[in-house]
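# Generate a structure from the sequence data that follows.
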Amino acid sequence: MTWSGNRYQQLFLMGLKRVGILTGGGDCSGLNAVIRAVTRSAIISHGAEVIGIEEGFEGLIFDRNRKLTVAGTKDILPLGGTILGTTNKGDPFAYRHFDKDGRLTIQDYSQKTIENFKRLELDCLFVVGGDGTLQLGYKFFEKGFPVIGIPKTIDNDLVGTDYTFGFQTAVQIACDALDRLQTTGESHHRVMVLEVMGRGTGWIALEAGISGGAHVILIPEISYDLGKVLEKIHLRKEGGSPFSVIVVAEGAKEIGGEAITSEAASTRLQGVAQLGGVGDHIARQLSDRINLEVRCTVLGHTQRGGTPLAFDRILGTRLGTQAVEAAAEGKFGTMVALKSQDIVLVPLESLAGIVRYVPADGQLVRTAELIGICLGR
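Next up is the predicted model:
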């Protein structure tokens, strides 16, 4: 069974009969809004059957799936996480797991995945995820899967779209934490360091820092000079404000240094270094150089969980419905994306391996510096 251009045209003429959806990578708020939108739109507007693939591409490897219905998804809009489950280690082309003797093995399950996909007889597979999951989606599109991508990541680091759902909720969670750290920091005359997620980008740190009134924001795109941070703290103390709030992205690094990684059980299985620990590192650096108490808070996975903001519910719903419309028109190999006020289609091919970084001299960074926030430079 091959999925040629003629086959796509046949789908367009025949209409959608059976579609599948999976969620891969890290979870975030708004995933269930997408699942709900795809399910309702496919069933109500096209009369199609919807199959939920469980735990990302692992569900296609190990044949774990279930039928989704309008009634079964009616109450999931405000729920965090994903009712289908997810994983960030389910690459069918290089599936990593430990055997009974504790030895790491890597298996190529791509052919098994293809066979299970064909058995399900899906007219389209909606792949909801970040860059890693979408790259897998594109690889399977090249092998004949009718795929449409839906962008998801709290990091907001995907090219081709202005925003990804889950990001604004993560920013709000970080902003709320900064509001609380402001009051306790001021009460005790302390320097409060807040470490947030973002991988190699600083979108969460920057937007949360501006909205939460941080005095220092450190992001991966601008290597920081510790002397500049100390200077900001001293200036505030001399000006009658003997406390400071610092927000740092997990991938931030000092000039001439490297991003800090942490050891974790999952790191071996994922096969990648896990960022984390820069907040404590900076707290120690500052404690040795200033006569103020320094405390560090790491938000971690609290940024991923919980009820999504209205923005992410709406964006997820728009992306989900437009993905179904694109599938009905046979426009596979694309990703739905937010551009200005509209949902558009961009080629999955154009996204592979490209990270959307914060422009170091862009307007958002400049906005922060114009109101006196120190970016460590």
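# quick one: the helices in the chain?
5-14, 31-40, 46, 58-61, 110-120, 131-142, 167-188, 203-211, 226-238, 265-270, 278-287, 310-328, 363-370 (DSSP state H).
# Reformat these as a markdown table; add mean pLDDT.
As requested, those are exported to a markdown table (pLDDT from 0 to 100):
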| stretch | mean pLDDT |
| --- | --- |
| helix 5-14 | 50 |
| helix 31-40 | 98 |
| helix 46 | 96 |
| helix 58-61 | 95 |
| helix 110-120 | 95 |
| helix 131-142 | 94 |
| helix 167-188 | 97 |
| helix 203-211 | 98 |
| helix 226-238 | 97 |
| helix 265-270 | 52 |
| helix 278-287 | 96 |
| helix 310-328 | 97 |
| helix 363-370 | 98 |
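# any chance of those helices in CSV, with distance to Thr73 too?
For every residue, glycine as well, the C-beta is placed using N, CA and C. Listed next are the helices of the chain as CSV, based on distance: least, Cβ to Cβ, whole Å:
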stretch, distance to Thr73
helix 5-14, 24
helix 31-40, 5
helix 46, 16
helix 58-61, 17
helix 110-120, 19
helix 131-142, 21
helix 167-188, 20
helix 203-211, 28
helix 226-238, 47
helix 265-270, 29
helix 278-287, 38
helix 310-328, 11
helix 363-370, 36
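# Arg103: which of those helices is closest?
helix 265-270 (11.2 Å; Cβ to Cβ).
# Identify the residues contacting Thr169.
When contacts are counted by Cβ atoms under 8 Å, 6 or more residues apart in numbering, Thr169 touches Cys28, Ser29, Gly30, Ile154, Gly306, Thr307, Pro308, Leu309, Phe311, Asp312.
# Just give me the neighbour total for the fifth one.
The number of residues packed around Gly306, counting by other Cβ atoms under 10 Å, is 16.
# correct me, but it touches Asp27?
No. Gly306 lies out of contact with Asp27 (Cβ atoms under 8 Å); the separation is 10.7 Å.
# Please identify every residue contacting each of those two.
Counting by Cβ under 8 Å, 6+ apart, the residues touching both Gly306 and Asp27 are Gly80.
# wait, doesn't Thr133 sit right on Leu31?
No. With contact taken as Cβ under 8 Å, Thr133 and Leu31 are classed as non-touching, separated by 11.7 Å.
# Now do the shared contacts for the two.
With Cβ under 8 Å, 6+ apart, Thr133 and Leu31 have common neighbours Lys152.
# Tell me how many other residues crowd the closest residue in space to Asp162 that isn't next to it in sequence.
Distances taken as Cβ to Cβ, 6 or more residues apart in numbering place Leu338 nearest to Asp162, at 4.8 Å, with adjacent residues excluded. By other Cβ under 10 Å, the residues close to Leu338 number 19.
# and Leu338, what is it in contact with?
So Leu338 contacts Thr161, Asp162, Tyr163, Leu315, Arg318, Leu319, Val344 (Cβ under 8 Å, 6+ apart).
# quick check, nearest of those to Trp203?
Distances from Trp203 to the contacts of Leu338, taken by Cβ to Cβ, are shortest for Tyr163, at 9.5 Å.
# shouldn't the closest one be in contact with Asp157?
No. Using Cβ under 8 Å, Tyr163 is not in contact with Asp157, being 11.1 Å away.
# Just give me the residue closest to the centre of the protein.
The chain has Thr153 as the residue nearest its centroid, 1.6 Å off, counting by Cα atoms, centre = their mean.
# Next, the contact list for it, please.
Gly25, Gly26, Cys28, Gly129, Gly130, Asp131, Thr164, Gly166, Phe167.
# Now with 7 Å, please.
By Cβ atoms under 7 Å, 6 or more residues apart in numbering, the contact list for Thr153 reads Cys28, Gly130, Thr164, Gly166.
# Return the backbone torsion pair for Gly24.
phi -120, psi 170 (degrees, to the nearest 10).
# Against Gly213, how distant is it?
35 Å (Cβ to Cβ, to the nearest Å).
# So for Ala273, what's the pLDDT?
pLDDT recorded at Ala273 is 71.
# sorry, back to before: neighbour-wise, give me the winner out of the contacts of Thr153.
That'd be Gly166 among those, by other Cβ under 10 Å, with 31 neighbours.
# how near is the residue of the chain most remote from its centre to Glu231?
If you look at how far each residue of the chain sits from its centre, by Cα atoms, centre = their mean, the farthest one is Glu238, at 40.0 Å. Remark: distance between Glu238 and Glu231 (Cβ to Cβ) = 11 Å.
# Could you do Ala328 as well?
58 Å.
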